[in-house]
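**Student:** okay, sequence plus prediction incoming.
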Amino acid sequence: MTLTLTPMGDGTPAGDLLNGLNAAQAEAVSTTEGPVLIIAGAGSGKTRVLTFRIAYLLRLGVNPSHVLALTFTNKAAQEMKERISHLVGGGVARSMMAGTFHSVFARILRQFADRIGYTPSFTIYDTDDQAAAIKAVMNQLGVSQQVLPVNGVRGRISSAKNSMISWQEYVRSADSIIEKQTGQIFEEYEKRLAQSNAMDFDDLLLNTIRLLEHHPDVLETLQDRFRYLLVDEYQDTNRAQYQVVTMLARKYRNLCVVGDDAQSIYRWRGADIRNILDFERDYPESKVVRLEQNYRSTKTILAAADSVIKRNTKQLKKSLFTDNIEGEKITVLACRDDREEADMIARTIRSRVEKYGYSYKDVAILYRTNAQSQALEDALRRGNTPYHIVSGVSFYKRKEVKDVLAYLRLLVNPNDTESILRVINEPARGIGATTLERVQEFAVRTNSPVFEVLSNIETVPMMQARTAKAVKDFVGIIARYQEMMPELAPASLAQAYIEATGLPQMYKLQQSEEALDRWNNIERLLDHIAEQQELDENMTLINYLEQIALLSDADDPKLGTERIAMMTMHAAKGLEFPLVVIAGLEQGLFPLAKAETDMMEQEEERRLLYVGITRAREQLVLSYAERRYRFGELVFSRPSMFLGEIDKDTLAPSARSMTGNNAREAAPRTAPSSPKQSSYSQVGQGESYSQLPMPKRYTSVSQPKPRGVQGPAPEGPSSVKVGQRVKHPMFGAGTISSVSGTGQSEKATVLFDNGQRKQLMVAFARLEAL
DNA sequence: ACTTAGTAAATTCTC
DNA sequence: TTTACTAAGT
């Protein structure tokens, strides 16, 4: 792009960037100083505004290294940088910092690691590592996983961290037994991480806050460095992120946040919508810009989205409008079961591709839960229709890949305990559970890192000579390649080192199809390292591992190839497609069962649907099934209440393809939240969202929930009550002492007559009423 | 120490 | 249906 600066727009050298923007967009771009809140409705050109704003700053002469852009995914940051380099030239754009909160602050933490007691080569623990560490701590403390499920503990610790509660504070305010025990585990977990020179995801933010709070000089350095802050998807930031941003912006107050409260869909992982709602209070001098013109969708789609979201009570006021055409009506596919749904979706897509000249990359299928992808995949495969599931991390979740990554992590950070435990006996070296137990126990007692204990294995009591030798070999490999690290490039180092671990050979020798597959994956990973190194010759192993650790589903590079994209609605945030299909609009699935009674949850589900609908540019198809397989069992459900909320003028009277006897006319019994929409049976005459006789598992709003306790006759469901006598096929007779949760996740604590107490999932435990 | 067989539990979303 | 953990067997 040439820099011919025709003074237009506002007359500054950057003014021509404002041409072609509407008034609100231009204002958002050109208000460079002071705090700015941009409320960007779906499809209102937000990305354009953000990139133009940065380009504008740079054209005004702002040093690119003074700009920090925080995005929701790394891919978004990458794309933003590319677009900016088109506007201002690649050299300039390259030196600005852009990325997710986690990746940006990981980089900064490496720089200042020694200030907070870490080395720059610290390891980032993902959720699995986190769970492994917690499990180990629980073992060490003798807390049974039966009593306290690991994932629950992980969740509580993580949400504490998200709200910036330290283990000390957590312990202090703990009052239930569960919280007290969690507090204890929390403490040990933190110590274990510190000992391992490792941080979990939440720590990347927390430690940044600590760094800034305790080291004013660092704070000031960073404030001076990042004079212009931009935060995208501000509605989905959590409290810790808010804190970091607040601190960094304090000095220059050039903070621009972009968000849309209607698209806030991450409350469950700690996103705090107050961050955006209170922005004007936090920055009284701020300017608020509303982007309300939608350039993406047809009038029909926008109207449908609007009719849904307006049922929510809490939201900032704004009114989206569009000059786009009216467009096609929305199709609703009513299906008998999930298989039929998948087939109908596949057929519908194929016929529209034919009829309207779409190509497959113009199409996305969105769903609420990943489990739904299975049936859809089958149907697409049957029809030879190219598709792609957006879940970029799956490759990195494979056992062999994780093993290789763990080996590599050990190379840069031998103190990484979770990685040691993961691979020390992979391939089998004769170092078993008992040995590891002793080593860990010794490490805790002498307060030294596990790797150090292993390096001096002869000091550990009760060690057999043979095991000691095996341990020495293991330690030797790591030490040897660690020494070579300065001389070799990461790719060739990794190649030789992994070879030396014996892992690939193990799989190669097994010769089974599965083993060869695994061997292949290892080769692919090593190739990938080489590729990445090619792209950036300064890449270190640390960089590479960090990039992998912070990868998210939405970072998947395969989008945009000639295939249908399939993903959850969460993963679809920020994307758009000419034709969008949203599958599984059923009570209990979308909205999920637990959102049926909890209004906050319900509003979040509604926002999620809003996000889904507004991904569509031209055509939208919705579908639901009357029954579908879940856990290998057929369950019945009724159409989603949300279907009834969509303005019926936007829906097409579709030809119902349901066969046979289930074409009964029946209005759903879910109470519509607005009186003027008493039923949606008019959606196409003669068609119905028919209701099936006995919903077995999915709960509904209007009907008492039949639950899993089966009376002697399997068809006679009754609900569990405290005090009720029940019989379990394994544990015998007992009395229910407490009940928690609802629907699928309903749990009952049963005191069995033999003295055992068990917490059981009502839906799974085959309890019999006595 | 490692392998195998059997059983219990799980499915929402993620940096 | 699939996964993950435990217990028993070699």
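**Tutor:** Cool, got the structure.

**Student:** what about residue A:339, neighbour count?
**Tutor:** 16 (other Cβ atoms under 10 Å). For every residue, glycine as well, the C-beta is placed using N, CA and C.

**Student:** need the mean per-residue confidence for whichever strand or helix holds it.
**Tutor:** Assigned by DSSP states H and E, residue A:339 belongs to helix A:338-356. Mean pLDDT, helix A:338-356: 94.

**Student:** list the buried residues of the following helix or strand past that helix.
**Tutor:** Once helix A:338-356 ends, the next helix or strand along the chain (criterion: DSSP H and E) is strand A:363-367. Residues of strand A:363-367 classed as buried: A:363, A:364, A:365, A:366, A:367 (neighbour count, 16 or more other Cβ atoms under 10 Å).

**Student:** repeat for stretch A:175-184
**Tutor:** A:179, A:181, A:182, A:183, A:184.

**Student:** and the residues you listed, which of them are in helices?
**Tutor:** A:179, A:181, A:182, A:183, A:184 (DSSP state H).

**Student:** stretch A:329-343 and DNA strand B in contact?
**Tutor:** No - Stretch A:329-343 lies apart from DNA strand B when judged by Cβ under 7 Å from any atom of the strand; the minimum separation is 12.0 Å.

**Student:** so that stretch, near DNA strand C or not?
**Tutor:** No - Stretch A:329-343 lies apart from DNA strand C when judged by Cβ under 7 Å from any atom of the strand; the minimum separation is 12.5 Å.

**Student:** could you list the alpha-carbon positions for that stretch in PDB?
**Tutor:** Extracted in PDB, the C-alpha atoms of stretch A:329-343 (Å, rounded to 0.1, in the frame of the first residue of the first chain):
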ATOM      1  CA  LYS A 329     -36.900 -16.000   5.600                       C
ATOM      2  CA  ILE A 330     -35.400 -18.300   8.200                       C
ATOM      3  CA  THR A 331     -36.000 -22.000   7.800                       C
ATOM      4  CA  VAL A 332     -36.900 -24.200  10.800                       C
ATOM      5  CA  LEU A 333     -36.200 -27.900  10.400                       C
ATOM      6  CA  ALA A 334     -38.300 -30.100  12.600                       C
ATOM      7  CA  CYS A 335     -36.800 -33.500  12.900                       C
ATOM      8  CA  ARG A 336     -37.600 -36.800  14.500                       C
ATOM      9  CA  ASP A 337     -34.200 -37.600  15.900                       C
ATOM     10  CA  ASP A 338     -30.700 -36.500  15.700                       C
ATOM     11  CA  ARG A 339     -29.900 -38.700  12.800                       C
ATOM     12  CA  GLU A 340     -32.700 -37.300  10.800                       C
ATOM     13  CA  GLU A 341     -31.700 -33.800  11.800                       C
ATOM     14  CA  ALA A 342     -28.200 -34.300  10.600                       C
ATOM     15  CA  ASP A 343     -29.400 -35.700   7.300                       C
END
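
**Student:** circling back to that earlier point, return the closest of the buried residues of strand A:363-367 with respect to DNA strand B.
**Tutor:** residue A:367 (8.6 Å; Cβ to the nearest atom of the strand).

**Student:** and the closest residue to that closest one other than its chain neighbours, how far from DNA strand C?
**Tutor:** Nearest non-adjacent residue to residue A:367, counting by Cβ to Cβ, 6 or more residues apart in numbering: residue A:583, 4.8 Å away. According to Cβ to the nearest atom of the strand, to the nearest Å, residue A:583 stands 19 Å off from DNA strand C.

**Student:** need the buried residues of stretch A:175-184 in JSON lines with distance to residue A:22 and pLDDT, can you?
**Tutor:** As requested, the buried residues of stretch A:175-184 are exported to JSON lines (distance: Cβ to Cβ, whole Å; pLDDT from 0 to 100):
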{"residue": "A:179", "distance to residue A:22": "52", "pLDDT": "87"}
{"residue": "A:181", "distance to residue A:22": "56", "pLDDT": "87"}
{"residue": "A:182", "distance to residue A:22": "51", "pLDDT": "89"}
{"residue": "A:183", "distance to residue A:22": "53", "pLDDT": "91"}
{"residue": "A:184", "distance to residue A:22": "57", "pLDDT": "90"}
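
**Student:** state the pair within these that is farthest apart.
**Tutor:** A:179 and A:184 (9.9 Å; Cβ to Cβ).

**Student:** the residue nearest to residue A:367: neighbour count?
**Tutor:** By other Cβ under 10 Å, neighbour count at residue A:583 equals 28.

**Student:** per-residue pLDDT, it?
**Tutor:** 95.

**Student:** next one: residue A:724
**Tutor:** pLDDT, read off for residue A:724, is 70.

**Student:** tell me, how many residues neighbour it?
**Tutor:** So residue A:724, with other Cβ under 10 Å, has 19 neighbours.

**Student:** residues contacting the residue nearest to residue A:367?
**Tutor:** A:341, A:342, A:345, A:365, A:366, A:367, A:372, A:376, A:623, A:624 (Cβ atoms under 8 Å, 6 or more residues apart in numbering).

**Student:** residues touching the nearest residue to residue A:234 once chain neighbours are set aside, list them.
**Tutor:** Excluding the flanking residues, the one nearest residue A:234 by Cβ to Cβ, 6+ apart is residue A:259, at 3.5 Å. If a contact means Cβ under 8 Å, 6+ apart, then residue A:259 has A:37, A:38, A:39, A:40, A:232, A:233, A:234, A:235, A:236, A:276 as its contacts.

**Student:** ok, now how distant is residue A:259 from residue A:240?
**Tutor:** 17 Å (Cβ to Cβ, to the nearest Å).

**Student:** count of residues packed around the closest residue to residue A:273 other than its chain neighbours?
**Tutor:** In this structure, residue A:273 finds its nearest non-sequential neighbour in residue A:264, 5.2 Å apart by Cβ to Cβ, 6+ apart. By other Cβ under 10 Å, 27 other residues sit near residue A:264.

**Student:** does residue A:264 touch residue A:272 like I think?
**Tutor:** No - in this structure, residue A:264 is not within contact of residue A:272 by Cβ atoms under 8 Å, at 9.4 Å.

**Student:** is residue A:597 located within a helix, as I assumed?
**Tutor:** No - if the criterion is DSSP: H, G, I helix; E, B strand; the rest coil, then residue A:597 is coil and not within a helix.

**Student:** neighbours of it, just the number please.
**Tutor:** Using other Cβ under 10 Å, residue A:597 has 12 other residues around it.

**Student:** between the contacts of residue A:259, which is nearest DNA strand C?
**Tutor:** Nearest to DNA strand C among the contacts of residue A:259, counting by Cβ to the nearest atom of the strand, is residue A:236 at 27.6 Å.

**Student:** pLDDT below threshold where in the stretch 551-700 of chain A?
**Tutor:** Scanning the stretch 551-700 of chain A with the threshold set as pLDDT under 70 gives A:553-560, A:654-700.
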